[in-house]
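K.L.:
Below are the sequence and a predicted model; questions follow.
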Amino acid sequence: MEKLLSAEGHVGLSEALAEDAAAPKLNACFGCGPGNAGGMHLKFFYQGVNAVCDFHLSKRYEGPPGHCHGGIIATILDEAMGKMNKLREVVALTKSMEIDYLRPVPLYADLKVVGWEEKVNGRVHINGAEIRNLKGDVLARSRGVFIAVDPKRMFAEKQEVRDQ
């Protein structure tokens, strides 16, 4: 809905809404969604039973000088753990996660995050992830609990609003 002003400078909300409704619905997730212009655009692939993403961080993600903000580290780890649920073809939301910040995560360095499944018990999925540098040093590690949900029930109201 970027196009809210007409050529005459008047708000053309109906035109903007119609244009938005006709646009394809891209994943708007902050971590991995191509539909989020301000997002991180992390691209994961599966290597055996692991979810893997190679990435580097710009100044935009700075916390301590020259290093990544802890909240961004948590986001990256959460993404890697969340991708593991796709292997079971379930949508599961983060219930909780523990993070060990082992070493500062540098900006402008080639990094890798690896996620894996630890245990599944019904709707409860327990996954782990690590951020590593190219030497293989573990910079941060997490363990998360995810709860599988029915996306049609959970997100139906939000989808209806989005489709209007």
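P.N.:
Done, it's in.

K.L.:
How about the residue minimising distance to the centre of the chain, nearest residue that isn't a chain neighbour?
P.N.:
The C-alpha lying nearest the average C-alpha coordinate of the chain belongs to Gly31 (Cα atoms, centre = their mean; 2.8 Å). Once flanking residues are discounted, Gly31 sits nearest to Glu79: 4.0 Å by Cβ to Cβ, 6 or more residues apart in numbering. Every residue, glycine included, has its C-beta placed from N, CA and C.

K.L.:
Within the helices and strands, which one has that neighbour?
P.N.:
helix 70-87 (DSSP states H and E).

K.L.:
send the alpha carbons of that helix over as PDB?
P.N.:
The C-alpha coordinates for helix 70-87 follow below in PDB (Å, rounded to 0.1, in the frame of the first residue of the first chain):
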ATOM      1  CA  GLY A  70      21.600  -9.800  21.100                       C
ATOM      2  CA  GLY A  71      18.000  -9.500  19.900                       C
ATOM      3  CA  ILE A  72      19.100 -10.100  16.300                       C
ATOM      4  CA  ILE A  73      21.200 -13.100  17.400                       C
ATOM      5  CA  ALA A  74      18.000 -14.500  19.100                       C
ATOM      6  CA  THR A  75      16.000 -13.900  15.800                       C
ATOM      7  CA  ILE A  76      18.600 -15.800  13.700                       C
ATOM      8  CA  LEU A  77      18.600 -18.700  16.200                       C
ATOM      9  CA  ASP A  78      14.800 -18.700  16.400                       C
ATOM     10  CA  GLU A  79      14.600 -18.800  12.500                       C
ATOM     11  CA  ALA A  80      17.000 -21.800  12.300                       C
ATOM     12  CA  MET A  81      15.100 -23.800  15.000                       C
ATOM     13  CA  GLY A  82      11.700 -22.900  13.400                       C
ATOM     14  CA  LYS A  83      12.800 -24.100  10.000                       C
ATOM     15  CA  MET A  84      13.200 -27.600  11.500                       C
ATOM     16  CA  ASN A  85       9.400 -27.900  12.000                       C
ATOM     17  CA  LYS A  86       9.000 -27.600   8.200                       C
ATOM     18  CA  LEU A  87      10.700 -31.000   7.800                       C
END
